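**Q** The following block contains a protein sequence and its predicted model.
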Amino acid sequence: MKSSLLQNINSPSDLRVLDEAQLPQLAQELRNFIIDIVSVKEGHLGASLGVIELTIALHYVFNTPDDALIWDVGHQAYGHKILTERRDNFHTNRQLNGISGFPKRSESIYDAFGVGHSSTSISAALGMAIASNLKGDFEKQHIAVIGDASIASGMAFEGLNHAGVTNANLLVILNDNAIGIDPSVGALKNYLTAVKEGKNPRQNNIIKSLNFNYSGPIDGNDIFAVTKELKRLQKIKGPKFLHVITKKGKGLQQAEENQVVYHSPGKFDRLTGEIIPKSEADLPPKYQDVFGLTILDLAKANEKIIGITPAMPSGSSLKFMMDALPERAFDVGIAEQHAVTLAAGMATQGMTVFCNIYSTFLQRAYDQVIHDVALQNLAVIFCLDRAGLVGEDGATHHGVFDIAYLRCIPNLIIYAPMNEIALQNIMYTAQSGLEHPIAIRYPRGRGVIPDWKKEYFGHYQKIDIGKAFCIKNGSKVAVLSSGTIGNNVKMALNEIENPEKIAHFDFAFVKPLDEKLLHEIFQKFKFIITIEDGTVIGGFGSGILEFAAQNNYRSNIKTLGIPDEFIGQGTVNQLQQYCTISVETLKSLFLSY
């Protein structure tokens, strides 16, 4: 039996003393190690399995960390983490106080750039390369590893466009597996397919035309071919581009065959690859499915309804509509700016456009929301999935800034439903005709009504814009909640004695606020608590403070939400406890009054 290689590798310097003939064995051990851990601890699987050979070759050939290696997005960086001094604590990946699921500069000197959102690697690596030139270092290597879905994004092209007119020592590696989270889309994907199949004329090379030294495509799962080519490119100065073809999920049959599912499969049997089923009987629906089923139902009755998502058809559940009404539902790829302005263009022509973007990714299209939608008062319907704390993906993916960055935009309505019924009803209301654009924010995960689909789906009621409601009367303290975090308030009040002291109000509309009800609340209550699952700076609570100041109210106001810091990874409940918005922390707070 061969002795283990991986157990003796703590850093790339240990890796580089191996004979090249040993690298395939190391690749198999590294694959098995990732499968063993992720099968139990969960996380992103397929992306890292696909780049095992490339990861080993990069650290074998280049002098990391002195040479800068940047992974785009970072879903594929598990092998990198294990080879760079984090093997022994890899089991803490994505857990509270554990290592991050993405490359993170503060975590390791081998993580040259912090990532999590797509298409940043080329710009970052180019910035480093130009800086090296300015410092007189012309030997340092700067490598950006980017996927075929990410390179189709506008920012990646901006980086390529600039790099092509520099003498920067930059190597862009295209990890081409024809899939991001869902299958890649668009004309560039078709171009890359033609290149891989040998159907594209050599003189018709988009990368060469951008002044890159192009090589490939090569088999990215052939470690000897990759190592040989990296050694050759290491000696070439200026911008270089290597096209490698890999298979996402490589080495685990189910992950190769079901690449969408095994991007992040949850717990599975490490030997067979079979996903361990979770019982979903009697569970409330996922909010994404409430959106997906509702938009399809509404679209069947309203021919003007369009659905748009930037590369998240499965995650947003727009896939229901894409399958049933493909001519009116669009996956535009990783292109949030384009998605927003595409929606604006359609809205000018009288279409009713639902633009579904994860909260954290709408940040990437902020100017388009202001300039192309709100300024022109186009009634685009933004559905912001994954709003609030998302859990184990951590700081790069929490959707906690949307209320603050949207609240200051004129014309924009902001609504946060408390449950599934409110979500379907605001979607129905929005498609019935609004005079302004609206942002509807809802969280990752499940709702609170197990029988929603059977009892409520399709039974729509119109919502009065700007109206808030009293859920529970009280005598001393008014709790004002916005969105699904209000369910934590309800549960906390159900579990304490003397709950009659505390009133609870649902302010689903962050903008416009229900000022009539606010006047009544401030005239009655001396103590007011606001609670939201967004940042307290500039958020819903800030809006209540502004109202109080403008109207000279002197009530004691406490604002609860996400504190002024980047929140790391952990379960949603753990992170809510840290932010003092969990059921348990709210119970303690309510009992103190």
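**A** Happy to help now that I have it.
**Q** State the distance from the residue nearest to Asn205 when sequence neighbours are not counted to Gln203.
**A** Nearest non-adjacent residue to Asn205, counting by Cβ to Cβ, 6 or more residues apart in numbering: Tyr214, 5.9 Å away. Quick note: C-beta positions are derived from backbone N, CA and C, even for glycine. Tyr214 sits 12 Å away from Gln203, going by Cβ to Cβ, to the nearest Å.
**Q** for Thr352, same thing?
**A** 45 Å.
**Q** Likewise for Glu435?
**A** Glu435 is 53 Å from Gln203, by Cβ to Cβ.
**Q** How about Ser184?
**A** Ser184 sits 25 Å away from Gln203, going by Cβ to Cβ.
**Q** Let's see the helix or strand bottoming out on mean pLDDT in the chain as CSV, backbone CA atoms only.
**A** Here the helix or strand of the chain ranked lowest by mean pLDDT, DSSP states H and E is helix 187-196, holding a mean of 88. The C-alpha trace of helix 187-196 is given here as CSV (Å, rounded to 0.1, in the frame of the first residue of the first chain):
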residue,chain,number,x,y,z
ALA,A,187,-22.9,33.7,-27.0
LEU,A,188,-19.5,33.5,-25.3
LYS,A,189,-20.4,30.0,-24.0
ASN,A,190,-21.2,29.1,-27.6
TYR,A,191,-17.9,30.5,-28.8
LEU,A,192,-16.0,28.5,-26.1
THR,A,193,-17.9,25.4,-27.1
ALA,A,194,-16.8,25.9,-30.7
VAL,A,195,-13.2,26.3,-29.6
LYS,A,196,-13.3,23.1,-27.6
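**Q** Only the C-alpha atoms, please, for stretch 378-385, written as PDB.
**A** What follows is stretch 378-385, C-alpha atoms only, in PDB (Å, rounded to 0.1, in the frame of the first residue of the first chain):
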ATOM      1  CA  LEU A 378     -39.900  52.600 -14.400                       C
ATOM      2  CA  ALA A 379     -42.100  50.100 -12.500                       C
ATOM      3  CA  VAL A 380     -39.600  47.200 -12.400                       C
ATOM      4  CA  ILE A 381     -40.300  44.600  -9.700                       C
ATOM      5  CA  PHE A 382     -37.100  43.600  -7.900                       C
ATOM      6  CA  CYS A 383     -37.300  40.400  -6.000                       C
ATOM      7  CA  LEU A 384     -34.400  40.200  -3.700                       C
ATOM      8  CA  ASP A 385     -33.800  36.700  -2.600                       C
END
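**Q** Pull out the buried residues from it.
**A** Applying a neighbour-count criterion of 16 or more other Cβ atoms under 10 Å, the buried positions in stretch 378-385 are Leu378, Ala379, Val380, Ile381, Phe382, Cys383, Leu384, Asp385.
**Q** center of this protein - which residue?
**A** Compute the mean C-alpha point of the chain, and by Cα atoms, centre = their mean the closest residue is His397, 4.6 Å away.
**Q** rewinding a little: neighbour count: Thr352 and Gln203, which is higher?
**A** Ranked by neighbour count (other Cβ atoms under 10 Å), Thr352 and Gln203 place Thr352 first, with 21 against 7.
**Q** can you pull the contacts of the more buried one?
**A** Asn302, Lys304, Ile305, Ile306, Ala379, Ile381, Ala430, Gln431 (Cβ atoms under 8 Å, 6 or more residues apart in numbering).
**Q** Equivalent analysis for Tyr191, please.
**A** Tyr191 makes contact with Asn200, Ile206, according to Cβ under 8 Å, 6+ apart.
**Q** I'd like to know how far it sits from Gly154.
**A** In terms of Cβ to Cβ, Tyr191 sits 16 Å off from Gly154.
**Q** contact partners of stretch 3-19?
**A** 22, 25-26, 29-30, 33, 56, 59-60, 64, 82-85, 87, 110.
**Q** Among those, which pair sits farthest apart?
**A** For these, the farthest-apart pair by Cβ to Cβ is Gln25 and Tyr110; their separation is 22.5 Å.
**Q** Between the two, tell me which one has more neighbours.
**A** Tyr110 (21 against 15).
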